[in-house]
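Asks: only geometry, no sequence info:
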């Protein structure tokens, strides 16, 4: 299978020191490339999710004096945006390609998602293989990868729900490939990971 076309020149954009220059390079060069990958993934991701999804490029975080460290395209069930909703996503950082599942931004649905995670903690812990490479990226420094998540533990899933409480950061989990591995990652590999993440996504999106 052909790779996704992500290589050293793409990751090198995150090495640009000037915050404005880096943001401009990511928007002009890399955002369209990742959005093309997302659109190519869309039919397969829709099948994995079991319902129509819409791709949404995330706005680059521009803070005074700080260069953006992540580029994300999120898939969710709403055509209007993914804020406060469960999403599957493709992300690039300085050294990694990611497949993510998460919830960003406040919404009334977060309380139901929190309760559902607590109820489903035992079932999620029994999934085994799909979550064996799962990492938690909330509060990540964009350098060394976080440790593998203890996804075999019901306590992990129950505690994860606390991140959906009002005012908390939300969920941000996924599986990552290094920049060297990313050169050989194919569309089928990416969709395979989304298939692994689907049980968690479905728990969140069906929460009532």
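Replies: Received it, and whenever you're ready, just let me know what you need. Given the structure is predicted, the values throughout are model-derived calculations rather than measurements. Numbers count the residues shown, from 1 in each chain.

Asks: next, give phi and psi for residue 170.
Replies: Note on residue 170: backbone dihedrals following degrees, to the nearest 10 are phi 90, psi -170.

Asks: that one against residue 164, yeah?
Replies: Yes - counting by Cβ atoms under 8 Å, residue 170 does reach residue 164; the two are 6.4 Å apart. All C-beta atoms are positioned from the backbone trio N, CA, C, and that covers glycine.

Asks: and those two? Which one has more around it.
Replies: Using other Cβ atoms under 10 Å as the criterion, residue 170 and residue 164 rank with residue 164 on top: 24 against 19.

Asks: if we can go back for a sec, anything in contact with each of residue 170 and residue 164?
Replies: Each of 103, 110 lies in contact with both residue 170 and residue 164 under the rule Cβ atoms under 8 Å, 6 or more residues apart in numbering.

Asks: hang on, residue 73 packs against residue 34?
Replies: Yes - when contacts are counted by Cβ under 8 Å, residue 73 is listed as touching residue 34 (5.3 Å).

Asks: tell me which residues of stretch 126-140 come out buried.
Replies: Across stretch 126-140, burial judged by 16 or more other Cβ atoms under 10 Å covers 127, 130, 131, 133, 134, 135, 136, 137, 140.

Asks: check stretch 90-100 too.
Replies: 90, 91, 92, 93, 95, 96, 97, 98, 99, 100.

Asks: quick one, strands of the chain?
Replies: Counting by DSSP state E, the chain has strands at residues 54-57, 70-76, 86-93, 96-103, 135-136, 171-178.

Asks: now for the fifth one, which elements pack on it?
Replies: When you say that, I think you mean strand 135-136. strand 171-178 (3 or more Cβ pairs under 8 Å, 6 or more residues apart in numbering; DSSP states H and E).

Asks: and the strand it packs on, how far from the chain's centre?
Replies: A distance of 6 Å separates the centroid of the chain from that of strand 171-178, by Cα atoms, centre = their mean, to the nearest Å.
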